[in-house]
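**Q** Based on what follows, work out the 3D shape:
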Amino acid sequence: MYIILDRDGVINFDSAEYIKSPEEWQAIPGSLDAIAQLNRAGFHVLVATNQSGIARGFYDLATLDLIHEKMMRELASVGAYVDEIFFCPHHPDENCPCRKPKPGLLMQMAAKFPIHFSETFFIGDSFKDILTARAVGCMPILVHTGNGELVMQRHPEVADIPNFRDLAEAVEYVLSVIARA
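**A** Presented below is the predicted three-dimensional model:
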């Protein structure tokens, strides 16, 4: 079983100024434990994240690696891990195929892992995450952390998507759905 998570606004606090250093990366309370729950339930956890701050010159690939190393250390401290982080470093104007809402990052996942999108939840906090999930047939879930509240206000068409306060609540839902299956 696979599950896909957005990073900023889902696992860690987001910032309009971008997360530009390991020090700025701060986990949302309960998110790391939620990932540990997924791991214990047998899920392979993959992360799909747009990181245009690289193209914008706010940070470089080496800094992004340090940010992700911090995330992995903090996950390990609660007995959790993600299998892999897939990211798009491009500027929105580049119109690349890997920038969400285009499905390129998820196609990269499918090329590497035996993922069945129709059986896979994608938890995000943005309309782009929902569109990306729908583009490949994943089951989208919206969390209110990050941009989720704003998405609910601006896009009434997402009212039918399961939505939760945070990743911890979304994971409880996923585990309950799996238990009923």
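
**Q** State the distance from residue 149 to residue 51.
**A** 23 Å (Cβ to Cβ, to the nearest Å). C-betas here are computed from N, CA, C, even on glycine.

**Q** pull the longest helix from the protein.
**A** For the chain, the helix with the greatest residue count under DSSP state H is helix 61-76.

**Q** next helix or strand past that one?
**A** Per DSSP states H and E, the first helix or strand lying C-terminal to helix 61-76 is strand 84-88.

**Q** tell me which strands and helices that following strand is in contact with?
**A** Under the contact criterion of 3 or more Cβ pairs under 8 Å, 6 or more residues apart in numbering; DSSP states H and E, strand 84-88 touches strand 44-50, helix 61-76, helix 104-112.

**Q** Could you dump the ones you listed into JSON lines with mean pLDDT added?
**A** What follows is the helices and strands packed on strand 84-88, written out as JSON lines (pLDDT from 0 to 100):
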{"stretch": "strand 44-50", "mean pLDDT": "98"}
{"stretch": "helix 61-76", "mean pLDDT": "98"}
{"stretch": "helix 104-112", "mean pLDDT": "98"}
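
**Q** Same list (those) but as CSV, adding mean neighbour count and distance to residue 87.
**A** Formatted as CSV, the helices and strands packed on strand 84-88 follow (neighbours: other Cβ atoms under 10 Å; distance: least, Cβ to Cβ, whole Å):
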stretch, mean neighbour count, distance to residue 87
strand 44-50, 22, 5
helix 61-76, 16, 7
helix 104-112, 18, 7
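
**Q** In contact with the residue positioned nearest the centre of the chain, which residues are there?
**A** What sits nearest the mean C-alpha location of the chain, by Cα atoms, centre = their mean, is residue 6, with 1.2 Å. Contact analysis of residue 6 by Cβ atoms under 8 Å, 6 or more residues apart in numbering lists 47-49, 100, 122-126, 129, 146.
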